[in-house]
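> Give me a model of this one.
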Amino acid sequence: MGSEEAGHMIKDTQWQDLNLNLGFGLQGWFSSPCSIVALDFKIPGQSRTPVRNRGWDWRWLLLTCPPLFLPLVPRLCWKHISSLEVANEPVLAFTQGSPERDALQKALKELKGRTEAIPCVVGDEEVWTSDVRYQVSPFNHGHKVAKFCYADKALLHRAIEAALAARKEWDLKPVADRAQVFLKAADMLSGPRRAEILAKTMVGQGKTVIQAEIDAAAELIDFFRFNAKFAVELEGQQPISVPPSTNSVVYRGLEGFVAAISPFNFTAIGGNLAGAPALMGNVVLWKPSDTAMLASYAVYRVLREAGLPPNIIQFVPADGPTFGDTVTSSEHLCGINFTGSVPTFKHLWKQVAQNLDHFRTFPRLAGECGGKNFHFVHRSADVDSVVSGTLRSAFEYGGQKCSACSRLYVPGSLWPQIKGRLLEEHGRIKVGDSFGRIRKWLEHARSSPSLTILAGGQCDDSVGYFVEPCIIESKDPQEPIMKEEIFGPLLTVYVYPDDKYKETLRLVDSTTSYGLTGQCLPRISESPQPLCSIPGVLSPTGPCCPRRLLPWTWILVIMLPLLSIHCPDSWAGLPNTDRPRQQALC
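Modelled structure (predicted):
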């Protein structure tokens with residue numbers, strides 16, 4: 001890198017007024033809050049301009065080898081803070097005879113035929129209203145797994161007042177103390193409460209043991225631990241202080257309350273949407289999904305038992321429009337942390353905009369709104385890998401994940417092999433649960449002249465809500481089933497000419513307004529460069545996860561107190577999608 005390029009990357013103009021007299025004829029400046037030290041060498045009698053045009057730039061030596069020069073800056077002060085050592089929670093195998101399998105079987109047996117009563121919780125008070133509802137098991141809708149009630153507007157206003165009364169004391173508590181609550185909750189979920197949370201997720205949300213394990217145990221534990229770690233470490237990122245002055249940053253919660261609105265399909269997301277703002281000093285009204293009530297209440301109870309004070313998170317099941325109207329009309333609303341549909345989030349956003357003059361502050365909004373994710377197969381791809389990865393991505397948990405693959409683009413030369421293997425493996429799939437609007441899409445597939453059902457597509461709601469995984473071939477890449485999110489076990493295939501892969505990649509990118517995940521499937525050793533260079537495709541390999549980093553999927557107008565971090569995955573997206581999971585939102 002030349003000196004002029006270095007001069008652009010390290011902007012002297014930002015530091016002209018910062019003069020640290022370090023001796024040795026040197027002037028120094030501190031380059032960033034990341035504790036990188038850089039110095040400008042000053043020759044006596046000459047201007048401040050650093051030494052240049054001598055083949056390399058002294059400052060870049062200091063940037064790359066700062067330990068060699070730290071003794072030169074004895075009066076440069078910054079704050080160190082101990083780092084929390086955490087690791088990702090192992091995913092247990094539940095093998096025959098293992099302790100975790102025995103504990104889970106016992107927990108499932110205890111839930112059999114049982115209906116748990118779940119109240120609204122405002123502060124320490126359990127409240128029942130007359131609007132009673134039930135959560136049923138999706139694979140046996142004759143089993144009511146939970147009885148709960150909706151909070152009305154009066155109770156929601158009461159919850160807001162109780163939360164605001166507790167806000168200042170909670171916000172003033174050191175972040176390390178708040179973090180201990182979530183670390184203890186993670187330990188409880190990792191140990192004595194693991195079987196309970198798994199069983200309630202399986203029975204209430206229709207998940208298999210592995211799907212429940214990676215969600216309600218591993219991911220939720222990771223959320224709590226890594227959020228706590230990074231929240232504590234943030235206080236170590238302090239600005240430079242030059243004696244006798246001391247500069248510092250204090251991280252504060254937002255002035256008001258945060259509304260957390262969580263979905264049915266991930267227990268972990270519910271705990272994180274409510275827990276992350278609370279960790280950062282906020283008070284929260286948590287509206288859980290009606291169809292995840294059993295597991296959501298279990299997460300809430302774990303947080304309370306781990307030491308979360310009353311009134312920090314108000315547990316308030318409610319009718320969606322009633323909750324939305326109430327929180328967006330309150331002058332104290334300061335944030336919405338949301339996962340759900342595009343129309344619902346747009347409606348909330350419009351309500352916030354319409355009431356903007358009424359609020360005491362500017363509410364921050366973070367929303368995750370689904371995906372229409374693809375697998376793009378190159379003619380060099382390994383057929384077995386394509387079939388295995390696509391079936392898992394499309395049909396695990398009945399396709400009820402925002403990251404599920406629902407579009408498959410296959411070159412004509414490989415389609416006969418891939419089609420045969422897809423249908424062969426499809427015949428081995430055991431049908432689980434899912435239903436509702438998916439039946440309408442199957443009826444559309446049967447009536448559309450451009451669509452052909454290759455396998456599956458039967459529905460049965462006699463005992464539970466069952467949809468057989470379905471593979472559909474489309475002759476039209478612009479067919480609605482290729483464009484709209486279905487959130488069910490439907491995979492649509494478009495067969496493209498082998499020599500048109502560049503054009504088809506652009507088609508993949510432009511077909512739908514969603515952009516959460518996708519995967520290109522060439523044989524790695526033969527990976528063509530255009531797979532990397534086509535706009536919107538970041539990587540030609542990986543488990544359904546090249547991300548599109550374009551304007552508006554991350555509907556992200558949110559500040560640090562709504563922290564949400566999860567280490568193993570990197571998520572981003574584009575139009576009408578979002579994932580408040582991986583970023584420190586600031």
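
> Just the buried residues of the longest strand seen in the chain, please?
Longest strand of the chain, by residue count under DSSP state E: strand 140-149. Neighbour-count burial for strand 140-149 flags 141, 143-149 (criterion: 16 or more other C-beta atoms under 10 Å). C-beta: built from backbone N, CA, C; applies to glycine.

> tally of neighbours for Met202?
23 (other C-beta atoms under 10 Å).

> Dihedrals phi and psi, it?
Backbone torsions of Met202, given as degrees, to the nearest 10, read phi -70, psi -50.

> Val302 reaches Asp187, doesn't it?
No: checked against C-beta atoms under 8 Å, the pair Val302 and Asp187 is beyond contact range at 10.1 Å.

> returning to what we had before: next SSE after the longest strand of the chain?
Heading C-terminal from strand 140-149, the first helix or strand you meet, by DSSP states H and E, is helix 153-172.

> what does that next one contact?
120, 122-123, 127, 129, 151, 178, 252-253, 255-257, 278, 281-285, 309-312, 314, 316, 318, 322-323, 325-327, 330, 332 (C-beta atoms under 8 Å, 6 or more residues apart in numbering).

> can you do 7 Å?
120, 122-123, 127, 129, 252-253, 257, 281, 283, 285, 309, 311-312, 314, 316, 318, 322-323, 326, 330, 332 (C-beta atoms under 7 Å, 6 or more residues apart in numbering).

> Now, these that are in helices?
322-323, 326 (DSSP state H).

> Mind picking the one among these that's closest to Ser406?
Using C-beta to C-beta, Phe323 comes nearest to Ser406 of those, at 29.5 Å.

> tally of neighbours for the closest one?
Residues contacting Phe323 under the criterion other C-beta under 10 Å number 21.

> okay, the angle between the longest strand of the chain and helix 153-172?
70 degrees (axes from the mean of the first three to the mean of the last three C-alpha atoms, to 10 degrees).

> where do the strands sit along the stretch 101-250 of the chain?
116-118, 120-122, 125-127, 132-137, 140-149 (DSSP state E, counting those that start in this stretch).

> Adding mean pLDDT and distance to Met482, write those strands out as a markdown table.
Shown next, in a markdown table, are these (pLDDT from 0 to 100; distance: least, C-beta to C-beta, whole Å):
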| stretch | mean pLDDT | distance to Met482 |
| --- | --- | --- |
| strand 116-118 | 98 | 40 |
| strand 120-122 | 98 | 42 |
| strand 125-127 | 96 | 47 |
| strand 132-137 | 96 | 32 |
| strand 140-149 | 93 | 31 |
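
> can I get those strands in TSV with distance to Val493?
As requested, these are exported to TSV (distance: least, C-beta to C-beta, whole Å):
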stretch	distance to Val493
strand 116-118	42
strand 120-122	46
strand 125-127	51
strand 132-137	33
strand 140-149	32
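
> Out of the ones you listed, the one nearest Gly371 is which?
Here strand 132-137 is closest among those (C-beta to C-beta), at 25.7 Å.

> and Lys147, what is it in contact with?
Contact analysis of Lys147 by C-beta under 7 Å, 6+ apart lists 115, 117-118, 132, 134.

> Mark which of these are buried, thanks.
For these, buried by 16+ other C-beta under 10 Å: Ile118.

> if I pick the closest residue to Gly253 other than its chain neighbours, what's in contact with it?
Nearest residue to Gly253, sequence neighbours excluded (C-beta to C-beta, 6 or more residues apart in numbering): Gly281, at 3.0 Å. The neighbours of Gly281, taking C-beta under 7 Å, 6+ apart as the test, are 170-171, 178, 252-253, 561.

> same thing but at 8 Å, please
Counting by C-beta under 8 Å, 6+ apart, Gly281 touches 170-171, 173, 175, 178, 251-253, 561.

> Could you please name the strands the longest strand of the chain pairs with and the direction of each pair?
strand 116-118 (parallel), strand 132-137 (antiparallel) (DSSP bridges).

> who touches the longest one?
With contacts defined as C-beta under 8 Å, 6+ apart, strand 132-137 is touched by 115, 142-150, 203-204, 206, 290-294, 317, 464.

> Starting from Leu189, give me the distance back to Leu220.
With distances taken as C-beta to C-beta, to the nearest Å, Leu220 is found 6 Å from Leu189.

> Which neighbours do the two have in common?
Contact criterion C-beta under 8 Å, 6+ apart; residues bridging Leu220 and Leu189 by contacting each: Ile197.

> if we can go back for a sec, pull out the buried members of the contacts of Gly281.
170-171, 175, 178, 251, 253, 561.

> From those residues, which shows the smallest pLDDT?
Minimum pLDDT across these is recorded for Pro561, with 36.

> Give me the three-state assignment for the residue nearest to Thr390 when sequence neighbours are not counted.
Once flanking residues are discounted, Thr390 sits nearest to His375: 5.1 Å by C-beta to C-beta, 6+ apart. Using DSSP: H, G, I helix; E, B strand; the rest coil, the structure places His375 in strand.

> per-domain residue ranges of this protein.
Listed domain ranges for the chain are 3-72, 154-235+251-368, 373-533 (source: automatic domain parsing).

> mind checking how far the second one is from the chain centre?
Here the centre of domain 154-235+251-368 is set off from its chain's centre by 13 Å, with C-alpha atoms, centre = their mean, to the nearest Å.

> same thing with stretch 104-118?
Relative to its parent chain, stretch 104-118 has a centroid offset of 29 Å by C-alpha atoms, centre = their mean.

> sorry, back to before: can you flag the buried ones in the contacts of helix 153-172?
Applying 16+ other C-beta under 10 Å to the contacts of helix 153-172 flags 120, 122-123, 127, 129, 253, 257, 281, 283, 285, 309, 311-312, 314, 316, 318, 322-323, 326, 330, 332 as buried.

> which residues sit in contact with Phe148?
117-119, 132-135, 290, 293, 297, 317.

> Now it. Nearest residue, chain neighbours left out?
Looking at Phe148 with C-beta to C-beta, 6+ apart, the closest residue is Ile118, at 4.1 Å.

> Looks like the one you found contacts Ala292 (just checking).
No: look at Ile118 against Ala292 with C-beta under 8 Å: they stay out of range, at 11.3 Å.

> Widest-spaced pair of the buried ones among the contacts of Gly281?
That would be Trp170 and Tyr251, which, of the buried ones among the contacts of Gly281, are the farthest apart (C-beta to C-beta) at 13.3 Å.

> Least confident of the domains of the chain, on average?
Mean pLDDT values for these show the minimum at domain 3-72, a mean of 37.

> could the contacts of Phe148 go into CSV alongside distance to Tyr501?
As requested, these are exported to CSV (distance: C-beta to C-beta, whole Å):
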residue, distance to Tyr501
Ala117, 57
Ile118, 52
Pro119, 57
Val132, 56
Arg133, 50
Tyr134, 50
Gln135, 46
Asp290, 44
Met293, 46
Tyr297, 49
Pro317, 49
